[in-house]
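S.K.: With the sequence up front, the predicted model follows.
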Amino acid sequence: MKILTAEQLRALDKHTIANEPISSIDLMERAASKYTEAVSGFIKKEQQVVVFCGMGNNGGDGLAIARMLLQNGYKVKVYIVKHSLKGSTDFETNEKRLRELTQLEYIDNVKVVPELKSQEICVDAIFGNGLTKATEGVAAAVIRSINKSGATIYSVDVPSGMYCDKANADSDTVVQSTITFTFHSPKLTFLFPQNEKFVPEFKVLDIGLSKQFEAQIASPYEYVEDTLIKSLSKKRKKFGHKGTYGHALICAGGYGKMGSAILSVGAALRSGAGLITAQVPKCGYEFMQITNPEAMVLVDSNEMFIAESPDYTQFSAIGIGPGIGTGTATGELIERLLRRTQLPIPLVMDADALNILAKYRPLKSLLTQRMIITPHPGEFKRLMGEWKDDMQRLQKQIELSKQQKCVVVLKGAYTSISTADGKVYFNTTGNPGMAKGGSGDVLTGVITSLLAQGYTGDAAALIGVYVQGMAGDNAAASLGQTGITARDIIHYLPGAFKAFE
């Protein structure tokens, strides 16, 4: 699903109106109907619904929604926030229609801002996706009143006061919605960590905009759905054998951190590669043989850490980093691996391998198109420096992928996967229960295993992140978010992969 800018959405609306054809007011009616149908599942008939409408088309949506809720037997009170002298044409049409059913109240100064009760339902339709400046005056006062009420808030398309295509300042006044029902596609800023308090949850409503025209619109951003993962997934061959599906090398573990290696190798075994070899220090040999008997073990001569470069040419893909430490000898191992530019083997770098990149900054320039790095936000900050907001963080991620021609998997809610051509894919699986030590080690194993099977870097990252998140979701559905561990994610990997077989 493409993520479109506000300008692109306006063009899509305009094309749909001209070519469906459908009038602007009827398209608004369609959108309001979709919202009303969706929100009705969250409201009881005995609850008081308070609708706050601005004077643009988002306010027009709100007026149409209020009318439909009234006609469906809900208790509705409507306030129009007079933030401008004149409303849009469609707003005024719906204002006239609603006056025939109920009394409208107008808020034209801060002294008449009403106080919501915590048990009431608020429909927020003050500002939509076209907002270009921070809210102020009476509109800001209304938003502050809504936020402090404790009421359940259902925003129409966008929480009022929030930008779609750039980050808000910390001082901006924005509605803190309970659920945002957004039209056509998610807005880019919904996926930023800094906006969680404004959009903790959203639901996308299809309002029938032109799919043919949308196909012609270019967007660097995509919201990943299972149809994309299905299209990328390969069927296993009837006459395939273990050599068909590649040989993955996982370089991981150190004294006190052998769990990282065990998890990463265990995940690789559950992700389809034909052969898995684990390179571990001497202290981890028995642990690896006992916990993952299907894997072969390459034992480093060092007791507590890995530092030796094996013959890499026998492997189809390499994953390195979980639990290896950042000592001098291990740093030299990473440098030797990165400098083997003639080595046509895809590489996944995670955890301490990334910390070594940050520690020895010149090594970052050795990243190439055969490489995938999988930092969490802290590791990414060490690599790329501070950022002022999440939009700048995203730009830093895109810049790194384009400059070094590598794939960057920035982990977290809506994990973002940037590719060498400047595209960014936002993952849609996973849950807060996965925010625990070891989950990243599992992802390293999954992606490395997929690379060994011949998937491109882009496809391996997309499939790996999506399937690992799905396994986490399945684990949480069975066990609850609080109690799941990285080992549980591994246990549920086969079921997740099965969905795409």
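M.R.: Happy to help now that I have it.
S.K.: And the pLDDT at the most centrally placed residue in the chain?
M.R.: Centroid-nearest residue in the chain, with CA atoms, centre = their mean: Y414, separated by 1.6 Å. Y414 is assigned a predicted lDDT (pLDDT) of 98.
S.K.: Tell me the secondary structure at it.
M.R.: Taking DSSP: H, G, I helix; E, B strand; the rest coil as the rule, one finds Y414 in the coil state.
S.K.: Surely it touches F426?
M.R.: Yes - applying CB atoms under 8 Å, one finds Y414 in contact with F426, separated by 4.6 Å. Glycine gets a C-beta too; all of them are placed from N, C-alpha and C.
S.K.: Quickly list what's touching both of these two.
M.R.: Counting by CB atoms under 8 Å, 6 or more residues apart in numbering, the residues touching both Y414 and F426 are L191.
S.K.: Could you confirm S219 falls within a strand?
M.R.: No - for S219, which was evaluated using three-state DSSP, the result is coil, with no strand membership.
S.K.: ok, now which ones touch it?
M.R.: Contacts for S219 were tallied using CB under 8 Å, 6+ apart; they are K2, I3, L4, T5, Q8.
S.K.: Recalculate using a threshold of 6 Å.
M.R.: Each residue near S219 by CB atoms under 6 Å, 6 or more residues apart in numbering is listed here: K2, L4.
S.K.: I'd like the distance from it to S416, if you could.
M.R.: S219 sits 14 Å away from S416 when distances are taken as CB to CB, to the nearest Å.
S.K.: coming back round to it: these two touch, right, the residue nearest to the centre of the chain and T189?
M.R.: No - counting by CB atoms under 6 Å, Y414 stays clear of T189, with 11.3 Å between them.
S.K.: Could you report the pLDDT at P344?
M.R.: On the pLDDT scale, P344 is placed at 84.
S.K.: Tell me how many other residues crowd D311.
M.R.: D311 is surrounded by 7 other residues when neighbours are defined as other CB atoms under 10 Å.
S.K.: ditto for E95
M.R.: Taking other CB under 10 Å as the neighbour definition, E95 ends up with a count of 18.
S.K.: Contacts only, for it.
M.R.: Taking CB under 6 Å, 6+ apart as the contact definition, E95 lies against L63.
S.K.: let's number from 51 now, not from 1
M.R.: Sure thing, new numbering starts at 51, so read that last one as E145.
S.K.: Surely it is in a helix?
M.R.: Yes - going by three-state DSSP, the assignment for E145 places it inside a helix.
S.K.: Now do it, the pLDDT please.
M.R.: The predicted local confidence for E145 comes out at a pLDDT of 98.
S.K.: got it, and the one 3 residues further on?
M.R.: According to the predicted model, the pLDDT of L148 comes to 98.
S.K.: what about it, helix or strand, and which?
M.R.: Element membership of L148, judged by DSSP states H and E, is helix 139-149.
S.K.: Quick check: what element follows that helix along the chain?
M.R.: strand 154-157.
S.K.: so what secondary structure elements neighbour the following helix or strand past that following strand?
M.R.: Tracing the chain C-terminally past strand 154-157 and defining elements by DSSP H and E, one meets strand 171-175 next. On a contact count with 3 or more CB pairs under 6 Å, 6 or more residues apart in numbering; DSSP states H and E, strand 171-175 meets strand 98-103, helix 107-121, strand 202-206.
S.K.: Could I have the CA atoms of strand 171-175 written out in CSV?
M.R.: What follows is strand 171-175 as a C-alpha-only set of coordinates in CSV (Å, rounded to 0.1, in the frame of the first residue of the first chain):
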residue,chain,number,x,y,z
ILE,A,171,-17.2,10.1,22.9
CYS,A,172,-15.4,12.8,20.9
VAL,A,173,-15.3,12.8,17.1
ASP,A,174,-12.4,15.1,16.1
ALA,A,175,-13.0,16.7,12.7
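S.K.: State the paired neighbours of that strand in the sheet, together with their directions.
M.R.: Based on DSSP bridges, the strands next to strand 171-175 in the sheet, each with its direction, are strand 98-103 (parallel), strand 202-206 (parallel).
S.K.: Mean neighbour count, the ones you listed: which tops it?
M.R.: Compared across the strands paired with strand 171-175, strand 202-206 shows the largest average neighbour count, a mean of 26 (mean count of other CB atoms under 10 Å).
S.K.: which residues touch the next helix-or-strand element following it?
M.R.: Per DSSP H and E, strand 202-206 leads on to strand 229-233 as the next helix or strand towards the C-terminus. Residues from elsewhere that reach strand 229-233, judged by CB under 6 Å, 6+ apart: 81, 85, 88, 204-205, 207, 209, 249, 251-255, 257.
S.K.: So what are the sheet partners of strand 229-233 and their directions?
M.R.: Strand 229-233 pairs in its sheet with strand 202-206 (parallel), strand 252-255 (parallel), by DSSP bridges.
S.K.: got the end-to-end distance for stretch 408-419?
M.R.: In terms of CA to CA, to the nearest Å, the two terminal residues of stretch 408-419 are separated by 19 Å.
S.K.: just checking, what packs against the lowest-mean-pLDDT helix or strand in the chain?
M.R.: Least confident element among the helices and strands of the chain, by mean pLDDT, DSSP states H and E: helix 378-389 (a mean of 94). Helices and strands in packing contact with helix 378-389 are listed as helix 402-409; criterion 3+ CB pairs under 6 Å, 6+ apart.
S.K.: quick one: N69 and R60, what's the gap?
M.R.: Separation of N69 from R60 (CB to CB): 15 Å.
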